[in-house]
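In: Make a model of this:
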Amino acid sequence: MNVPCNNCGKEVWRSPSRLKKFRNTFCSKGCHNKYMYKEVSIKCDHCGIGFNKNLAKYLKAKSHFCSARCQHRFIRGVNHQNYNTVVIKCSQCRKDVARCPSLLRDNVFCDQKCYGDWVSENNRGENHPNWTGGTDESRRLRGTKEWADWRREVYERDDYTCQLCFLKGLELQPHHVRRRVDYPELTFDVGNGVTLCKECHYKTINKEHLYIEYFDNIMSVCNLFKNITME
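Out: Residues are numbered from 1 along each chain as shown. Reported below is the predicted structural model:
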């Protein structure tokens, strides 16, 4: 099928399928470049001032503006893509919240405070996305106030000093003289706790029974010294 070139008017043959695929027809690449670099005179869709615009950009765009300022002013209000908002309830305080349809989620909040309050109440335990079935008893105990108070009292009694290497300034850990598994009633007994550094604590793993007498002697000395100072 012979059709005229959009730039020079020369007739060229093009198949029907190609005519459906492409909007314009050109006899050569040179004609294509000359045609696309042409400028057309149009009016700004916002202020109405006339200006010249590249033909290629003109064909691609739906709206045309003489400046970025006119473009920003034009897309406000009803011309904005997110103008059609939906009013829904905040998932926490139940106030009305306006959101565009593209931003709708299972839970919507009016501000950051409501989001934080909702997460604190609902994203815990089995409802938390990282829930793996719960923690063991030891980890649960280490997060309680009773554990923190017991550990602090043990550290203060031992003057924040490891009772095996007698060094200060190391990473400290509380150690149960008699294992908590065997004596759960002594879990928060200060007399059953002793201060160890991380390295010395590692040495006592699975050897706790070998250190019971040694730590008992240390406790006896500490109690004796405490009684003397009180007198």
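In: Which pLDDT value goes with Glu208?
Out: Listed pLDDT for Glu208 reads 88.
In: how many neighbours does it have?
Out: 16 (other Cβ atoms under 10 Å). All C-beta spots, glycine's among them, are computed from the backbone N, C-alpha and C.
In: so it touches Arg179, yeah?
Out: Yes - if you go by Cβ atoms under 8 Å, Glu208 and Arg179 touch, sitting 5.4 Å apart.
In: which residues do those two both contact?
Out: When Cβ atoms under 8 Å, 6 or more residues apart in numbering defines a contact, no residue borders Glu208 and Arg179 alike.
In: ok, which stretches of this structure are helices?
Out: Taking DSSP state H as the test, the helices found in the chain are 16-21, 29-36, 55-60, 68-74, 112-122, 137-142, 145-157, 198-203, 208-230.
In: Go through the fourth one and flag the buried ones.
Out: For helix 68-74, a neighbour-count test (16 or more other Cβ atoms under 10 Å) marks 70, 74 as buried.
In: Please apply the same query to the second one.
Out: Of the residues in helix 29-36, 31-32, 35-36 count as buried by neighbour count, 16+ other Cβ under 10 Å.
In: Among these, which one lies nearest to Phe22?
Out: His32 (10.4 Å; Cβ to Cβ).
In: Could you pull up the contacting residues of that closest one?
Out: 7, 24, 26 are the contacts of His32 under Cβ under 8 Å, 6+ apart.
In: Quick check: of the residues you listed, which lies closest to Tyr58?
Out: Nearest to Tyr58 among the contacts of His32: Asn24, at 12.6 Å, using Cβ to Cβ.
In: Do you know the pLDDT at that closest one?
Out: Predicted confidence (pLDDT) for Asn24: 81.
In: how near is the residue lying closest to it once chain neighbours are set aside to His32?
Out: With sequence-adjacent residues excluded and distances taken as Cβ to Cβ, 6 or more residues apart in numbering, Asn24 is closest to Asn6, at 4.6 Å. Separation of Asn6 from His32 (Cβ to Cβ, to the nearest Å): 9 Å.
In: any low-confidence regions in this structure?
Out: For the chain, the stretches with pLDDT under 70 are 77-78, 80-83, 131-136, 223-231.
In: mind giving me the domain ranges of this structure?
Out: Following automatic domain parsing, the chain resolves into domains at 2-78, 86-122, 143-230.
In: re earlier: compile the helices of the chain into TSV and extend it with columns for distance to Ile42.
Out: Formatted as TSV, those follow (distance: least, Cβ to Cβ, whole Å):
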stretch	distance to Ile42
helix 16-21	27
helix 29-36	16
helix 55-60	7
helix 68-74	13
helix 112-122	45
helix 137-142	69
helix 145-157	73
helix 198-203	75
helix 208-230	87
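In: Compare those helices and give me the one nearest Asp45.
Out: Closest among the helices of the chain, using Cβ to Cβ: helix 68-74, at 6.1 Å.
In: outside of that closest one, which residues touch it?
Out: By Cβ under 8 Å, 6+ apart, helix 68-74 touches 44-47, 63, 65.
In: wait, isn't the residue nearest to Asn24 in contact with Arg23?
Out: No - Asn6 is not in contact with Arg23 according to Cβ under 8 Å; the separation is 9.0 Å.
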